[in-house]
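**Q** Structure, please.
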Amino acid sequence: MTKLNFWNETWSLDEAQCPCDLHFVDYLEEKGVKGAAIFHFGTGNHHIVGLKMAQNGSNNAVLGITASPQEYDDYVELLIKNPRLGHTYKAYFGDIYQIDARLLPEFDYVALFHVGEFRTPENDAYGALTDLDMTLVLADKVKPGGEVLFYKGSFAYDKAEAVAKELVKLRPFDDAGEFKSLKIYRKRAR
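**A** Reported below is the predicted structural model:
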């Protein structure tokens, strides 16, 4: 029987090793982003993006996904202890390579910091999307003027760069520069 390809560990906040979530929070705060819809791939057990957006008065809503049962359990515990968090932060457990556009709203920001890191042949056993296909599903949900962001410090950034190159070829996205460890692509206005 085929099993879901999941991550049987958890990721604690470690700015020295993986600052992307903190840099993303800094980016949104520096831009003064308010009331935005955000998709976040890879919540970490720290859930810092969802927590910071709930605490900083921005009224930004975050939909996060984790493939770690432990990270999802940590989200449930956070929500039990702080039910107000549930107004603006939703996290779910699953394989991002099974994402279905029909279930997604439009987003202002899509953080794809872990593209290429976890996709393996195990995902093929149940017809999961490729890194590019998953990125395109999410990119199609980005509002005009919205952004897709990648993490330049990822051990799989070469794969993310290749995906980003195809994104620019296949969809109306332009290179919008960098912020700290993040590479940004902006969807053209209609």
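
**Q** Beyond the worst-scoring helix or strand of the chain on mean pLDDT, next helix or strand please.
**A** Taking mean pLDDT, DSSP states H and E as the measure, the helix or strand of the chain with the lowest value is helix 121-124, at a mean of 90. Per DSSP states H and E, helix 121-124 leads on to helix 131-139 as the next helix or strand towards the C-terminus.

**Q** Which neighbouring elements make contact with that next one?
**A** Secondary-structure packing of helix 131-139 (3 or more CB pairs under 8 Å, 6 or more residues apart in numbering; DSSP states H and E): strand 107-111, strand 142-151, helix 157-170. For the C-beta atoms, the positions are set from N, CA and C on the backbone; glycine is no exception.

**Q** now for these, which one comes closest to Gly127?
**A** When these are compared by CB to CB, helix 157-170 sits nearest Gly127, at 19.2 Å.

**Q** Now do the helix or strand just after that closest one: everything it contacts.
**A** Going down the chain from helix 157-170, the next helix or strand is strand 173-179, by DSSP H and E. By CB atoms under 8 Å, 6 or more residues apart in numbering, the residues outside strand 173-179 that reach it are 23, 26-27, 30, 139, 147-148, 152, 167-168, 184-188.

**Q** switch to 7 Å and redo it
**A** By CB atoms under 7 Å, 6 or more residues apart in numbering, the list of residues contacting strand 173-179 from outside reads His23, Tyr27, Ala139, Glu147, Val148, Leu167, Val168, Ile184, Tyr185, Arg186, Lys187, Arg188.

**Q** which two from these end up farthest apart in space?
**A** Distance extremes for these: the farthest pair is His23 and Arg188 at 24.2 Å, using CB to CB.

**Q** more neighbours, these two?
**A** His23 (20 against 10; other CB atoms under 10 Å).

**Q** Correct me if wrong, but the more buried one is in a helix.
**A** Yes. Checked against DSSP: H, G, I helix; E, B strand; the rest coil, His23 lies within a helix.

**Q** Right, I'll leave it there.
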